[in-house]
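[1] Sharing a sequence plus its predicted fold:
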Amino acid sequence: MKTCIICSGGLDSVSLAYRLAYEKHLSGIIAFDYNQRHKKELAYAAQCADNLNVPFHLVDVSSVGKAISGSALTDDIDVPEGHYAEETMKLTVVPNRNAIFLTIAFGIASANNMRAVAIAVHGGNHFIYPDCRPEFLEAFGIMENLSLECTVKLVAPYAGKTKADIIADGVQTGTPFAQTWSCYKGGNYHCGRCGTCVERREAFYLAGIDDPTYYEDDEFWKSCLKN
């Protein structure tokens with residue numbers, strides 16, 4: 001089934017890209033420039049497409065990102081630190097982001113005779129992001145099929161899984177975890193303190209897999225472990 005994937009260059013979406021390639025379904029990678037402060041993630045998405053030898057579509061929606069204000073990912077607001085499920089992580093919500101990305105991706109998929117669009121949302125996202133929840137994904141798939149009058153499936157195989165599960169899956173398909181970017185601060189190295197860094201470091205620990213990532217603070221995550 002010819003499938004394109006929305007890929008941020010992060011651990012989850014790169015792992016899913018490798019899973020789709022392993023299953024011989026991957027036909028293209030789509031990434032979005034939405035004026036995110038951690039724009040360096042796009043280079044990792046491009047590298048993933050190059051590694052897997054599939055077309056790479058970089059879509060510029062930066063003007064939309066500028067118009068959707070109030071997020072620490074796009075505005076001059078400090079990125080919160082701590083565990084991903086904490087209330088402060090709501091500052092990282094970009095309103096309707098996945099709905100915008102998916103709408104464009106479905107158009108690209110339909111125009112290129114692809115049969116599915118994949119997105120790597122996972123169970124841990126559900127705490128914070130409404131557009132990562134199963135009920136949103138189900139409703140969006142129905143809406144797009146009505147809009148396009150053709151069958152393009154929405155594929156979200158990690159929706160019921162943890163990040164540790166994703167890492168375990170990535171090991172099976174040869175995902176190069178070192179060639180992924182998670183940190184929302186977008187510095188030279190992963191900060192080790194923002195929600196995505198803490199979640200990433202914790203997930204490797206829970207999966208029992210060595211983490212190849214260099215963090216500026218490699219101890220902070222321990223204080224954020226769930227009791």
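    Good, I have the coordinates. Keep in mind it's a predicted model, so treat the numbers as computed, not measured.

[2] where do the strands sit along the protein?
    3-6, 26-33, 56-60, 116-118, 153-155 (DSSP state E).

[3] Can you tell me what sits against the fourth one?
    Surrounding strand 116-118, the residues in contact under the criterion C-beta atoms under 8 Å, 6 or more residues apart in numbering are 1-6, 16, 20, 25, 102, 105-106, 109, 152-157. C-beta here means a position set from N, CA and C on the backbone, and glycine is covered the same way.

[4] could the strands of the chain go into CSV alongside mean pLDDT, mean neighbour count and distance to Asp78?
    Output for the strands of the chain, formatted as CSV (pLDDT from 0 to 100; neighbours: other C-beta atoms under 10 Å; distance: least, C-beta to C-beta, whole Å):
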stretch, mean pLDDT, mean neighbour count, distance to Asp78
strand 3-6, 98, 26, 27
strand 26-33, 97, 22, 22
strand 56-60, 97, 15, 26
strand 116-118, 97, 25, 32
strand 153-155, 94, 20, 34
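
[5] Can you add distance to Leu42 and give the ones you listed back as CSV?
    What follows is the strands of the chain, written out as CSV (distance: least, C-beta to C-beta, whole Å):
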stretch, distance to Leu42
strand 3-6, 12
strand 26-33, 5
strand 56-60, 7
strand 116-118, 18
strand 153-155, 22
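
[6] Of those strands, which is nearest Thr213?
    Proximity to Thr213 (C-beta to C-beta) singles out strand 26-33 among the strands of the chain, at 20.3 Å.

[7] remind me which residues of the chain are low pLDDT?
    84-86, 124-127, 226-227 (pLDDT under 70).

[8] tell me which residues in stretch 118-137 are buried?
    Across stretch 118-137, burial judged by 16 or more other C-beta atoms under 10 Å covers 118-126, 128-129, 131-133, 136-137.

[9] tell me the two of those residues that are most distant?
    Between any two of the buried residues of stretch 118-137 (C-beta to C-beta), the greatest distance is 21.0 Å, for Ala118 and Ile128.

[10] Tell me which residue of this protein is furthest from the middle?
    Relative to the C-alpha centroid of the chain, counting by C-alpha atoms, centre = their mean, Glu149 is the outermost residue, at 27.4 Å.

[11] ok, so what distance separates that residue from Glu138?
    Going from Glu149 to Glu138 by C-beta to C-beta, to the nearest Å gives 19 Å.

[12] ok, now Val198?
    29 Å.

[13] cool, and Ser15?
    On the measure of C-beta to C-beta, Ser15 and Glu138 end up 23 Å apart.

[14] Compare neighbour counts for the two and give me the winner.
    More crowded of Ser15 and Glu138, by other C-beta atoms under 10 Å: Ser15, with 28 against 13.

[15] Tell me who's in contact with Pro80.
    Pro80 is in contact with 72, 86, 88-89, 91-92, 194-195, counting by C-beta under 8 Å, 6+ apart.

[16] Looking at these, spot the one nearest Gln172.
    Gly195 (26.4 Å).

[17] What about that closest one, how many residues nearby?
    For Gly195, using other C-beta under 10 Å, the count is 26.

[18] Could you pull up the residues touching it?
    79-84, 86, 89, 92, 184.

[19] With distance to Ile68 added, can I get those in a markdown table?
    Below are the contacts of Gly195 laid out as a markdown table (distance: C-beta to C-beta, whole Å):
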| residue | distance to Ile68 |
| --- | --- |
| Val79 | 17 |
| Pro80 | 18 |
| Glu81 | 23 |
| Gly82 | 24 |
| His83 | 25 |
| Tyr84 | 21 |
| Glu86 | 22 |
| Met89 | 17 |
| Thr92 | 13 |
| Tyr184 | 16 |
